[in-house]
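# Here's a sequence, model it:
(4 chains)
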Protein chains: 2
Amino acid sequence: MKLTSSQEEYLKTIYLLEMNSTKVRVTDIANKLKITKPSVNKGIKCLREIGLVNYETYGNISLTDEGERMAVGIIKRQDILEMFLEEVLEIDKKQAVEEAKAMKHVVSENTAIKLDKYITEVLNLGDLDCNYDENSEKCRNCVKITAKNRLRKNSSI
Amino acid sequence: MKLTSSQEEYLKTIYLLEMNSTKVRVTDIANKLKITKPSVNKGIKCLREIGLVNYETYGNISLTDEGERMAVGIIKRQDILEMFLEEVLEIDKKQAVEEAKAMKHVVSENTAIKLDKYITEVLNLGDLDCNYDENSEKCRNCVKITAKNRLRKNSSI
DNA sequence: GTAAAATGTTAGTGTAAGCTAACAAAAGGA
DNA sequence: TCCTTTTGTTAGCTTACACTAACATTTTAC
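Modelled structure (predicted):
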């Protein structure tokens, strides 16, 4: 089942709100997403129709098991992307969050998993033991550090 | 000026068609994008209004200087993303193309530039000279190769 | 327990971008 | 030339998703 960006945002938001409080209401979602209550109302009705959200008129909103499963996937995708943008490409926090938020809607589960593994590889290298020489241009030890240095050098672009 | 995904696709398509033939017509764009001619008609009218496309009723379609500048940026972003997905994450060609196509609409110029530099770093490491040991798990020489190996090992996931 | 405040819903509007049906113009061949 | 085919346009429909205005329900405070 392929969801729209907006539907994914709803699921994500409901999941995060559910973690912090017992009840999730239309107003909470509207505030979080900075959209109006009627928009949320329509949105969750639609999600209910496809079996991702439990809710009845004037009642509480919650995710179904399937909805929760999808929400977790969406949030994980966003986290991975944010991590990559921030930690590997060294994009500033604010922009990284913004872009990761948009990117998660177009990146597949498969790609997210591969990216996750890749990040783990690159970021964990700092702990490994080898004859690393930070000053040599010809040394390919620890690509993370050399790549980062070059990015910094060219950061004016 | 912030364009929609669809507008970016039009610009990209017109640019690529312009390279291959003297005239770009509504039908060519419709075929390429697999949408109908009336949709294209409406789309290019809109792009004309914002000064990115030259065209008059029953005439040829071409990009303005500004439109071309943007098209080049869009295509470059897609290429960079495709390269990253294919060469660094080793996602298969078909899926890489598909995802890069969607991702380019949400990735900023800045991020694309940083990604480009990063790819260059990682992919060029093979040429450098160092005491690389492919078999040692503890060696952090050439992250590209060790990362790739691990991705392969876990490719069933 | 009831009135005010907060919250939720319905109805209808707008925009982007696709679609079909129907018509108009241009191009090409006999 | 003129008739057919190709190409382009217009009008109007649909869907997704936001919006406002107006109304309904629930909660809260006294």
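# Domain map for chain A?
A:5-63, A:74-153 (automatic domain parsing).
# Go through those and find the least confident stretch.
Comparing mean pLDDT across the domains of chain A, the lowest value falls on domain A:74-153: a mean of 72.
# right, so of the domains of chain A, which gets closest to chain B?
domain A:74-153 (3.7 Å; Cβ to the nearest Cβ). Backbone N, C-alpha and C define where each C-beta goes, glycine included.
# Just send the domains of chain A back as TSV, with mean neighbour count and distance to DNA strand D too.
As requested, the domains of chain A are exported to TSV (neighbours: other Cβ atoms under 10 Å in any protein chain shown; distance: least, Cβ to the nearest atom of the strand, whole Å):
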stretch	mean neighbour count	distance to DNA strand D
domain A:5-63	16	3
domain A:74-153	17	10
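# The longest helix along chain A and chain B in contact?
Of all the segments of type helix in chain A, defined by DSSP state H, the longest one is helix A:65-83. No - using Cβ under 8 Å from any Cβ of the partner chain, we find that helix A:65-83 stays clear of chain B, coming within 9.9 Å at best.
# Export the domains of chain A to CSV and append columns for distance to residue B:78.
CSV is the format used below for the domains of chain A (distance: least, Cβ to Cβ, whole Å):
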stretch, distance to residue B:78
domain A:5-63, 19
domain A:74-153, 12
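# Which residue ranges of chain A form strands?
Counting by DSSP state E, chain A has these strands, from start to end: A:53-54, A:62-63.
# Rebuild those strands as CSV, extending it with distance to residue A:118.
As requested, the strands of chain A are exported to CSV (distance: least, Cβ to Cβ, whole Å):
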stretch, distance to residue A:118
strand A:53-54, 33
strand A:62-63, 30
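# Let me have those strands in JSON lines, extended by distance to DNA strand C.
JSON lines is the format used below for those (distance: least, Cβ to the nearest atom of the strand, whole Å):
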{"stretch": "strand A:53-54", "distance to DNA strand C": "12"}
{"stretch": "strand A:62-63", "distance to DNA strand C": "12"}
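# Can you say which of the ones you listed is nearest to residue B:70?
strand A:53-54 (39.1 Å; Cβ to Cβ).
# what residue lies at the spatial centre of chain A?
Nearest to the geometric centre of chain A sits residue A:78, at 1.0 Å (Cα atoms, centre = their mean).
# Confirm for me that that one is in contact with residue A:100.
Yes - if you go by Cβ atoms under 8 Å, residue A:78 and residue A:100 touch, sitting 5.2 Å apart.
# Report pLDDT for the residue in chain A positioned nearest to DNA strand D.
For chain A, the residue closest to DNA strand D is residue A:4, as judged by Cβ to the nearest atom of the strand, at 2.8 Å. pLDDT recorded at residue A:4 is 95.
# Next one: it from residue B:48, what distance?
Noted for residue A:4: a distance of 29 Å to residue B:48, by Cβ to Cβ, to the nearest Å.
# Just list the residues touching residue A:60, thanks.
A:23, A:24, A:25 (Cβ atoms under 8 Å, 6 or more residues apart in numbering or on different chains).
# thinking again about what came up before, residue B:92 versus the residue nearest to the centre of chain A, what's the distance?
24 Å.
# got it, and residue A:42?
The separation that residue A:42 has from residue B:92, given Cβ to Cβ, amounts to 38 Å.
# and if you look at residue A:118?
16 Å.
# now swap in residue A:15 and tell me
For residue A:15, the distance to residue B:92 - Cβ to Cβ - is 31 Å.
# again, but for residue A:110
Counting by Cβ to Cβ, the gap from residue A:110 to residue B:92 is 9 Å.
# Repeat that for residue A:28.
With Cβ to Cβ as the criterion, residue A:28 and residue B:92 are 41 Å apart.
# same deal with residue A:95?
On the measure of Cβ to Cβ, residue A:95 and residue B:92 end up 30 Å apart.
# Also residue A:121?
For residue A:121, the distance to residue B:92 - Cβ to Cβ - is 20 Å.
# Would you mind confirming that residue A:111 makes contact with residue B:90?
No - counting by Cβ under 8 Å, residue A:111 stays clear of residue B:90, with 10.6 Å between them.
# The residue of chain A closest to DNA strand D: neighbouring residues, count only.
Residue A:4 is flanked by 11 other residues according to other Cβ atoms under 10 Å in any protein chain shown.
# Contact partners for residue A:76?
residue A:112.
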